[in-house]
Structures are given as structure tokens and as C-alpha cells.
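> Got a predicted model here, sequence first, then my questions.
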Amino acid sequence: NNRISELQQSAEETAAEIEKLKEDLNSSNEKAADLQSQLDTLAEEKSASEEELNNLKGQTATAEEELNSKIASLEEELAAKNDELTASQQQHSSSEEQLNNLREESSSKEEELNAKISSLEQSLDKARDDLNSAFGEKGGIEEKLQKEVAELGSELEQREGCRPTIATRYSR
């Protein structure tokens, strides 16, 4: 009987241990299910993150292409502007050279004109002097002629008895 009692007690202890192990197993299964659920959630989050990362990579590649295209376009514009600037500077230099040439020509012509004006002024002064001198002589000649006319008029009066008005008219 003792032996049955021991076996019963041992069976009860074993049953209690089995129950305890079942509870531990259930608890472990719940923990495992909870961990599996967390793992599934993490896998979904990882998948969503990878998808978002791929989208961002695509957007980055697109933005990089657009940026490179804009940079190339701006570099072309800059090259064109530099070409325009170089052409403008060359044209400015050419215009400046033409302007300097025109200034030199103008200065040379101005010197020539000043020389001609000076020569003409000298000729004019000489002509004035000659004219003044001629007028001076003319005044003297007119006086002489008037005297001669007056003398001839008086002689005519005396010789032929002419009217004195003719002689007087010429003497004036």
C-alpha cells in the first residue's frame, strides 16, 4: 500500500509537473506568438521602409537628372554669354580704335583748316591793307580830279562862255 501511495504521490507530482510544464509551454507559445506578431509587424515595417527607400532613390535619381540637365543648360547659357561678351568687347575695342582714328583724322583736318584759316586771314588782312591803301590813293586822285575838273570848268567858262553850272557840277 505504501508503494501505491508513493506511486500515487509520484504520479500526482508528475501530473503537477506536467501541468506546470503545460502552463510554461502555453506561456512560451503566447510569448512566441507575440514575438511572431512583433516580427511580422517589423517585417511589414521593413518592407514599407524598403519601398519608401526605393521611392526616395527613384526621386533622388530623377532630381539628380533634372539638376544635371539644368546645370548643362546653365553652362551652355554661360558659354553663350561669354561668347557674346567676348564679341562685344572685341566690337568695343574695334569701335574705340575707329573712334581714335577719327579723332586723329579730325585733329589733323582741324590743324589743316586752322592753317588755311590763318592763311586766309593773312590774305584778307593784306587785301584790306591794299584796299585801304587804294582808297587812300583814290581819295587823293578824286581830289586831284575834282581840282582839274574845276580848273577845266573855269577855263571853259573863260574861253567859250559856258554855263558855270556844268563846271560846278563836276567839281562837286
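Happy to help now that I have it. Residues are numbered from 1 along each chain as shown.

> how far is the helix or strand containing residue 149 from where the chain is centred?
Assigned by DSSP states H and E, residue 149 belongs to helix 2-160. Relative to its parent chain, helix 2-160 has a centroid offset of 6 Å by Cα atoms, centre = their mean, to the nearest Å.

> Next, find the distance separating the most centrally placed residue in the chain from residue 31.
In the chain, the centroid-proximal residue (Cα atoms, centre = their mean) is residue 85; its distance is 8.4 Å. Note on residue 85: its distance to residue 31, by Cβ to Cβ, to the nearest Å, is 76 Å. In short, each C-beta sits where N, CA and C put it, glycine included.

> How about residue 126?
Residue 126 is 135 Å from residue 31, where distance means Cβ to Cβ.

> do the same with residue 123
131 Å.

> what does residue 106 give?
Taken as Cβ to Cβ, the span from residue 106 to residue 31 is 106 Å.

> So, low pLDDT: which residues of the chain?
Along the chain, the parts satisfying pLDDT under 70 run over 135-141, 160-172.

> how about 50 then?
172 (pLDDT under 50).

> Next one: residue 57 from residue 63, what distance?
In terms of Cβ to Cβ, residue 57 sits 11 Å off from residue 63.

> Let me fix that, I meant to ask about residue 5.
Counting by Cβ to Cβ, the gap from residue 5 to residue 63 is 84 Å.

> before we move on, what about residue 151?
For residue 151, the distance to residue 63 equals 125 Å [Cβ to Cβ].

> do the same with residue 122
Distance, residue 122 to residue 63, by Cβ to Cβ: 86 Å.

> And for residue 69?
If you go by Cβ to Cβ, the gap between residue 69 and residue 63 works out to 11 Å.

> Which neighbours do those two have in common?
Shared contacts of residue 69 and residue 63 (Cβ atoms under 8 Å, 6 or more residues apart in numbering): none.

> what's the burial count for residue 157?
A count of nearby residues for residue 157, using other Cβ atoms under 10 Å, gives 15.

> What of residue 152?
Residues near residue 152, counting by other Cβ under 10 Å: 13.
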